[in-house]
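*Asks:* turn this into a model:
(one chain, ligands or ions: 2)
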Amino acid sequence: MIPVATVYHGAVINPRTLTSYDALPNCLLAVSPAGEIEWIVEDVVDSMVQEIMFQKGCPDAEIISLKHGEFIIPGFIDTHTHAPQVPNLGIGGQYQLLDWLESCTFPMESKFANVDFARRTYRSVVRRIIDCGTTTCCYYGTLHLDATKALADIVHEYGQRAFVGKCNMIRYCPDYYVESSAEQSLAATEALITYIRSLPPSNMSDTTTTKSTSDPLIQPIITPRFAISCTSDLLNSLGKLAASDSTLRIQTHISENPKEVALTKQLFPNSKTYAGVYDDHGLLRENTILAHAVHLEVAEMELIAKRKAGVSHCPTSNFHLSSGIASVGEYLDRGIKVGLGTDVSGGFSPSILTVVQHASIASKVKGFNPTLNPPKSVHAVSFTDQQLSVATLLYLATLGGAHLCCLDHQVGSFAAGKSFDALIVNVRDDSGNPTLWSGLTENPDLPNRRKDVLEGMLERFLFCGDDRNISRVYVQGRFIGGKEFKK
Ligand code: GUN
Ligand code: FE
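*Replies:* Ligands and ions are numbered 1, 2, ... in the order given. Predicted coordinates for the structure are as follows:
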């Protein structure tokens with residue numbers, strides 16, 4: 001039997017489906033030394049805790065008891081962000097995509113040619129993203145191999161779960177920030193894959209002898225920046241690389257801005273659509289993460305659904321760069337996988353909580369102009385032109401993101417055998433966030449451990465919470481960040 005390292009006792013929020021989650025006010029959740037969930041018992045009466053631990057064969061395991069106003073929730077999954085753009089947070093909102101790349105983004109990213117600068121910057125970037133509650137992150141680095149290796153090293157050291165890719169970009173970029181050829185771009189990508197796969201296993205407790213069977217925490221990801229920055233030859237060689245290993249994830253941008261879509265069609269006249277460009281080069285498959293997808297044609301939605309690829313919904317960025325509003329409800333109705341992305345620094349916040357808030361607003365604005373003939377939903381409810389519920393927003397931020405990254409067997413919700421990637425959230429008045437008033441410190445007699453009270457706490461956290469409410473961040477059972485983490 002695998003020894004239980006820690007048992008968490010308190011309220012747990014567990015996403016189930018696109019439209020449902022469990023609010024469990026009184027749980028015991030046991031985590032093994034390898035960071036895997038061993039068992040969960042719901043509806044535990046306090047006086048039964050010791051007996052249950054005894055029955056489970058771990059009477060002496062450490063117990064971490066949550067206070068009223070604290071709960072455990074799966075860690076957030078940021079399915080699209082750019083680590084080297086964090087220093088640009090908040091600037092550039094006067095531009096649209098192509099001008100923004102030229103004026104703000106490429107000048108900043110080019111600085112990462114200096115590996116010392118990259119290392120210093122990425123240390124604060126990764127720390128900040130972890131403290132925002134992101135336990136799995138899909139990172140774009142720059143085009144630089146060494147700086148992106150440094151990003152992987154830091155993610156590895158800090159113990160976050162991540163996909164790390166270096167951008168492939170050989171055209172439509174400035175002379176000072178462009179790769180020299182398709183061959184060089186491919187070789188650097190292969191070198192990064194080899195490097196990341198040779199990192200030692202991270203995040204295992206020193207005292208642990210039990211080996212986890214789960215995937216490594218950091219994995220490489222093929223990252224053609226977008227079709228425009230690649231030639232057909234380069235996309236073909238990346239498609240061949242992908243074909244050589246079906247586990248390699250692919251991330252790219254799609255259909256974010258009308259001028260970008262027009263230029264893509266001009267550059268790839270042999271492909272029927274923007275999504276078709278990726279498909280024609282072997283880059284559209286089950287583990288492809290397509291960021292934005294604001295202006296998709298129906299044929300593209302059908303193709304993406306057929307290939308089982310998915311969309312990273314980035315509403316903060318889509319508002320900030322005036323890109324538009326993605327038809328997320330329609331994608332869900334068509335059975336397309338959807339997760340959330342901060343898209344820093346198109347998006348001006350590194351926190352998935354901000355993205356949750358904007359995803360809610362985006363869905364409401366979309367509903368102001370209802371589609372005349374919504375597609376037939378594959379779900380019990382239609383999402384098209386409907387506001388996204390708390391359950392749906394929670395799902396997109398956690399299990400939906402995991403599904404998009406093909407990691408839902410391992411993270412995104414709590415179940416025996418999954419990894420303990422989790423947050424301890426504190427919505428008490430003593431959190432230091434005055435916006436999230438809960439009355440919990442003033443009135444300690446509020447009904448304790450009631451399902452409806454817990455649901456209210458979750459809703460407040462999603463809409464008014466920030467990093468001050470994230471006390472602890474765990475990845476694979478290891479405490480790696482949050483307000484209580486000693487840096
Ligand atoms: N398309 C190509 N590169 C980028 C980028 O860095 N950010 C966004 N939002 N879109 C892109
Ligand atoms: Fe992006």
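
*Asks:* what about the stretch 301-450 of the chain, any weak spots by pLDDT?
*Replies:* Scanning the stretch 301-450 of the chain for pLDDT under 70 picks out 441-448.

*Asks:* OK, now which residue of it is nearest to ligand 1?
*Replies:* G346 (3.3 Å; C-beta to the nearest ligand atom). For glycine as for every other residue, the C-beta is placed from the backbone atoms N, C-alpha and C.

*Asks:* gap between the two ends of stretch 254-262?
*Replies:* Terminal residues of stretch 254-262 lie 12 Å apart, using C-alpha to C-alpha, to the nearest Å.

*Asks:* need the contact partners of it.
*Replies:* Residues outside stretch 254-262 that contact it (C-beta atoms under 8 Å, 6 or more residues apart in numbering): 96-98, 226, 228, 253, 274-275, 278, 290-296, 300, 318, 321, 323-324.

*Asks:* so which of those sit within helices?
*Replies:* With DSSP state H as the criterion, helices contain L97, L98, Y274, A275, Y278, E300, N318 from among these.

*Asks:* compare those residues and tell me which is most surrounded.
*Replies:* Using other C-beta atoms under 10 Å as the neighbour test, the ones in helices among the contacts of stretch 254-262 are led by Y278, with 30 neighbours.

*Asks:* show me what contacts that residue?
*Replies:* By C-beta under 8 Å, 6+ apart, Y278 lies in contact with A227, L235, T252, I254, L284, T288, L290.

*Asks:* may I see these arranged in a markdown table, with pLDDT, neighbour count and distance to ligand 1 as well?
*Replies:* Supplementary listing: those in a markdown table, determined by pLDDT from 0 to 100; neighbours: other C-beta atoms under 10 Å; distance: C-beta to the nearest ligand atom, whole Å:
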| residue | pLDDT | neighbour count | distance to ligand 1 |
| --- | --- | --- | --- |
| A227 | 98 | 28 | 9 |
| L235 | 98 | 22 | 14 |
| T252 | 99 | 29 | 8 |
| I254 | 98 | 29 | 9 |
| L284 | 98 | 25 | 17 |
| T288 | 98 | 26 | 15 |
| L290 | 99 | 28 | 11 |
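
*Asks:* among these, which two are most distant?
*Replies:* Pairwise distances among the contacts of Y278 were taken by C-beta to C-beta; the largest, 14.3 Å, belongs to L235 and L290.

*Asks:* what's around P269, how many residues?
*Replies:* Neighbour count of P269, defined by other C-beta under 10 Å: 7.

*Asks:* next, it: secondary structure please.
*Replies:* When the structure is split into helix, strand and coil by DSSP: H, G, I helix; E, B strand; the rest coil, P269 lands in coil.

*Asks:* got the contact list for A150?
*Replies:* Contacts here follow C-beta under 8 Å, 6+ apart; on that basis A150 touches V115, A118, R119, Y122.

*Asks:* hang on, the second one packs against E109?
*Replies:* No - taking contacts as C-beta atoms under 8 Å, A118 lies outside contact range of E109: 10.2 Å.

*Asks:* list residues touching both of the two?
*Replies:* Going by C-beta under 8 Å, 6+ apart, residues that sit against A118 and also against E109 are P84, T142.

*Asks:* does T223 really touch T252, like I thought?
*Replies:* Yes - the pair T223 and T252 qualifies as a contact (C-beta under 8 Å) at a distance of 6.9 Å.

*Asks:* surely I289 touches R249?
*Replies:* Yes - counting by C-beta under 8 Å, I289 touches R249, with 6.7 Å between them.

*Asks:* who has more neighbours, these two?
*Replies:* A count of neighbours by other C-beta under 10 Å puts I289 above the other of I289 and R249, at 27 against 22.

*Asks:* what kind of secondary structure is the residue lying closest to that one once chain neighbours are set aside in?
*Replies:* Computed as C-beta to C-beta, 6 or more residues apart in numbering, the closest residue to I289 that is not its neighbour in sequence is Q251, at 4.4 Å. With three-state DSSP as the basis, Q251 sits in strand.

*Asks:* now do the contacts for Q251.
*Replies:* In this structure, Q251 makes contact with H80, C138, Y140, F163, G165, I221, I222, T223, T288, I289, A291, S312, judged by C-beta under 8 Å, 6+ apart.

*Asks:* how about 10 Å then?
*Replies:* For Q251, the set of contacting residues under the criterion of C-beta atoms under 10 Å, 6 or more residues apart in numbering consists of 79-80, 138-140, 163, 165, 167, 221-225, 287-291, 312, 341, 405.

*Asks:* and the contacts of A150, which of them are in helices?
*Replies:* Secondary-structure check on the contacts of A150 using DSSP H: residues within helices are V115, A118, R119, Y122.

*Asks:* next, count neighbours for whatever residue of the stretch 101-250 of the chain ends up closest to ligand 1.
*Replies:* Taking C-beta to the nearest ligand atom as the measure, the stretch 101-250 of the chain has F226 as its residue closest to ligand 1, at 4.2 Å. Residue neighbour count, defined by other C-beta under 10 Å, stands at 26 for F226.

*Asks:* so C58 is in contact with A30, correct?
*Replies:* Yes - C58 lies in contact with A30 (C-beta atoms under 10 Å); the separation is 6.8 Å.

*Asks:* what about the stretch 51-200 of the chain, any weak spots by pLDDT?
*Replies:* Counting by pLDDT under 70, the stretch 51-200 of the chain contains no low-confidence residues.

*Asks:* if we go to 90?
*Replies:* Residue ranges of the stretch 51-200 of the chain with pLDDT under 90: 68.

*Asks:* so where do the helices sit in it?
*Replies:* Under the criterion DSSP state H, counting those that start in this stretch, the stretch 51-200 of the chain carries helices at the ranges 97-100, 106-110, 115-131, 145-158, 182-197.

*Asks:* pick the most deeply packed of the ones you listed.
*Replies:* The highest mean neighbour count among the helices of the stretch 51-200 of the chain belongs to helix 145-158 (a mean of 22), with neighbours defined as mean count of other C-beta atoms under 10 Å.

*Asks:* quick check: G276 vs ligand 1, distance?
*Replies:* When distance is defined by C-beta to the nearest ligand atom, to the nearest Å, G276 is 18 Å away from ligand 1.

*Asks:* list the contacts for that residue?
*Replies:* For G276, the contact set (C-beta under 10 Å, 6+ apart) comprises K265, F268, N270, L284, E297, A299, E300, L303.

*Asks:* if I look at it, how far off is F348?
*Replies:* When C-beta to C-beta, to the nearest Å is applied, the distance between G276 and F348 equals 32 Å.

*Asks:* buried residues, stretch 301-319. List them.
*Replies:* By neighbour count, with 16 or more other C-beta atoms under 10 Å as the criterion, the buried positions of stretch 301-319 are 301, 303-305, 307, 309-319.

*Asks:* what residues are up against S471?
*Replies:* With C-beta under 10 Å, 6+ apart, S471 has these contacts: 66-67, 70, 423-426, 428, 431, 482-485.

*Asks:* for L145, same thing?
*Replies:* The contact partners of L145, by C-beta under 10 Å, 6+ apart, come to V115, K166, E179, Q184, S185, A187, A188, T189, A191, L192, Y195.

*Asks:* rerun that using 6 Å as the cut-off
*Replies:* Residues in contact with L145, defined by C-beta atoms under 6 Å, 6 or more residues apart in numbering, are A188, A191, L192.

*Asks:* go on, T392?
*Replies:* Applying C-beta under 6 Å, 6+ apart, one finds that T392 lies in contact with L18.

*Asks:* and what of the one 3 residues further on?
*Replies:* Residues touching Y395, when contacts are defined by C-beta under 6 Å, 6+ apart, comprise P15, L18.
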